[in-house]
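A.B. asks: With the sequence up front, the predicted model follows.
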Amino acid sequence: MTWVPAKVGDSEVRADRSAECRYSTSAELLGVPLGRSGVNSVATQVRLFQGIAAPRMDVAWIPAGVYVVDDVERTNLGASVELLGLEDPIRGAKLPVARTLGPDTAAALVDPLVGEALPGRVVSWRAGVDKSTPVPQIVVDDDRWQALSGGTDSSGTSTGIAAALGAEFYVDARGVPTMAPTPTLDAPVVWRIPYGVALVEPAERQSAEGLVNLWVISGDGGDGSPTIGPVFVWDDDPTSLTYAGPDPVGDPLAPQRLGLPWVRLRVERYTSPLITSTAQAHAVGRAKLADSLGVQATLSFTSVCHPALEVGDVVEVEVRPGEWQRHIIDSLSYRLGGASMSCTTRTTARRLN
């Protein structure tokens, strides 16, 4: 209920889209008490900010995450803490007994699940995610986080609400639980990084791990209601290295006739009882395709740290003179007060042609 100002020593902020806790931090808190009335690993929350100062202007304070304390150790100067984002209380608040949810709208199911674990926090529904999407009746065994995000029940059936909306669920740098669309390279560029100015040297690495160019999406409630799909979503860009062909479902021999021996199918299936319409199945397929056409590339930045940058943002990087590439920030890390930031990014093969 009360925030107490504290000075911060050496601290590293880490953000990762693929982690359940999007933000995590190792920090030195100076001059703080420990125990019941101070910093403890049971009830304490920590807000971090990165300040930017310039001549003749006030300091601009940018949120660097809201955390719970995962581990605390007393030091001569205060406390050394390991911090995890507010997804951690949601993960820990498992349901005491199995619960039947729905049928209702997505918002009517998500908001209470979050509010029970994070009292007073209101879910932000970003544009592109329809919170009025109908969700059929489902049974959640005990895992609250998996029900919200992208989990399965004890039988292996997909029950994640966010995944069935073609979205991702996380807590942002301000501590706001957020349901947002899966980021794509079509989003507006938030930062352009010229060659030789903000970039030391691009360390580019490609990997086929997790690469999928054809998704088969179905909705099956298992209750006798009509099955949705299957709906097929594939990479249909002929200029893309991951091109799946003009119609890999109806005409799988087309690449052979057209003289495209390099075309290779990588197929995955996703079935969820929460998918209730063909349009929803297409949305889920597009989101999964956007996330599975990634070619990994690691870039190291040496300019002044850009603390307002978030994972999921799109940046444009001049990797070589005159060669610009769009990338999605998948992970980043920086030290509070430091000058540099390192990022791991993802782009699609079609952007590299």
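C.D. replies: Looks like it arrived, so ask away.

A.B. asks: contacts and neighbour counts: CA atoms only from here.
C.D. replies: Will do.

A.B. asks: for this structure, what spans make up the helices?
C.D. replies: 87-92, 106-117, 144-148, 161-164, 254-257, 278-292 (DSSP state H).

A.B. asks: Which residue ranges make up each domain of the chain?
C.D. replies: 7-85, 89-181, 189-207+295-352, 214-292 (automatic domain parsing).

A.B. asks: Save those as TSV, and put in mean pLDDT and mean neighbour count too.
C.D. replies: As requested, those are exported to TSV (pLDDT from 0 to 100; neighbours: other CA atoms under 10 Å):
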stretch	mean pLDDT	mean neighbour count
domain 7-85	93	17
domain 89-181	89	18
domain 189-207+295-352	76	18
domain 214-292	88	18
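
A.B. asks: quick one, longest strand in the protein?
C.D. replies: strand 60-74 (DSSP state E).

A.B. asks: What helices and strands are in contact with that strand?
C.D. replies: strand 23-30, strand 45-52, strand 78-85 (3 or more CA pairs under 8 Å, 6 or more residues apart in numbering; DSSP states H and E).

A.B. asks: In TSV: these, plus distance to L185.
C.D. replies: What follows is the helices and strands packed on strand 60-74, written out as TSV (distance: least, CA to CA, whole Å):
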stretch	distance to L185
strand 23-30	22
strand 45-52	27
strand 78-85	26
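
A.B. asks: looking at those, which is closest to L258?
C.D. replies: strand 23-30 (47.4 Å; CA to CA).

A.B. asks: Only the C-alpha atoms, please, for that closest one, written as CSV.
C.D. replies: What follows is strand 23-30, C-alpha atoms only, in CSV (Å, rounded to 0.1, in the frame of the first residue of the first chain):
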residue,chain,number,x,y,z
TYR,A,23,11.0,-9.0,-16.7
SER,A,24,13.6,-10.2,-14.2
THR,A,25,16.3,-8.3,-12.4
SER,A,26,19.3,-8.7,-10.1
ALA,A,27,19.6,-5.5,-8.0
GLU,A,28,21.4,-3.9,-5.1
LEU,A,29,19.0,-1.9,-2.9
LEU,A,30,20.9,0.6,-0.7
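
A.B. asks: Within its sheet, name the partner strands of that strand and how each one runs.
C.D. replies: The pairing partners recorded for strand 23-30 under DSSP bridges are strand 7-8 (antiparallel), strand 12-16 (antiparallel), strand 78-85 (antiparallel).

A.B. asks: Distance to A173 added to the ones you listed, as TSV?
C.D. replies: Shown next, in TSV, are the strands paired with strand 23-30 (distance: least, CA to CA, whole Å):
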stretch	distance to A173
strand 7-8	17
strand 12-16	9
strand 78-85	9
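
A.B. asks: centre of the chain versus stretch 30-42, how much separation?
C.D. replies: Here the centre of stretch 30-42 is set off from its chain's centre by 31 Å, with CA atoms, centre = their mean, to the nearest Å.

A.B. asks: And for stretch 243-252?
C.D. replies: The answer for stretch 243-252 is 30 Å, by CA atoms, centre = their mean.

A.B. asks: Over to stretch 83-94?
C.D. replies: 15 Å.

A.B. asks: give me the beta-bridge partners of V171?
C.D. replies: Assigned bridge partners for V171, using DSSP bridges, are P177.

A.B. asks: Check whether it really touches P89, as I assumed.
C.D. replies: No. Taking CA atoms under 8 Å as the definition, V171 is not a contact partner of P89, at 11.1 Å.

A.B. asks: Export the helices of the chain as a markdown table, with columns for distance to R335.
C.D. replies: Output for those, formatted as a markdown table (distance: least, CA to CA, whole Å):
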| stretch | distance to R335 |
| --- | --- |
| helix 87-92 | 22 |
| helix 106-117 | 30 |
| helix 144-148 | 29 |
| helix 161-164 | 31 |
| helix 254-257 | 50 |
| helix 278-292 | 28 |
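
A.B. asks: how close does V114 sit to S149?
C.D. replies: Computed with CA to CA, to the nearest Å, the distance linking V114 and S149 is 11 Å.
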